[in-house]
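Q: Generate coordinates for the sequence data below:
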Amino acid sequence: MSVGGGQLSAQTSDLVDFYFTHTHRWFLILTRHDILLIMHSETSVEAFKGSDKGIRACFWAIIALTVAQRYLKSKSLPTVMEIRIH
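A: Next comes the predicted model:
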């Protein structure tokens, strides 16, 4: 798997799946098609058109957001209701 000729980590598919499952339905930045297309693109970064560069930047923003969400989900942080009770 690659984005613009660069290799993606093995967990990228899991991160994208997590995004589609937990975030995509309420935070629709790109279509599923655009995300998967850019994720599996073999095109070099230099060959991307202007709009493709934007999609690629959004892809990396989605990956960063998902990494943060998974990290926070793994912690036992109090829910809003738990905070209000105390």
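Q: What ranges does this protein have for its strands?
A: 2-3, 6-7 (DSSP state E).
Q: any low-confidence regions in the chain?
A: 1-7, 42-51, 76-86 (pLDDT under 70).
Q: top helix in it by residue count?
A: Determined from DSSP state H, the single longest helix within the chain is helix 50-74.
Q: Tell me the buried residues in that helix?
A: Residues of helix 50-74 classed as buried by neighbour count (16 or more other Cβ atoms under 10 Å): 52, 55, 56, 59, 62, 63, 66. Where C-beta positions appear, they are placed from N, C-alpha and C, glycine not excepted.
Q: Mind putting those into CSV with distance to residue 22?
A: Formatted as CSV, the buried residues of helix 50-74 follow (distance: Cβ to Cβ, whole Å):
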residue, distance to residue 22
52, 26
55, 21
56, 22
59, 17
62, 12
63, 14
66, 8
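Q: show me the contacts for residue 57.
A: Neighbour list for residue 57: empty [criterion: Cβ atoms under 8 Å, 6 or more residues apart in numbering].
Q: Tell me the spacing between it and residue 36.
A: 16 Å (Cβ to Cβ, to the nearest Å).
Q: just residue 56 next, same as before
A: Applying Cβ to Cβ, the value for residue 56 to residue 36 is 13 Å.
Q: cool, residue 28 as well?
A: 14 Å.
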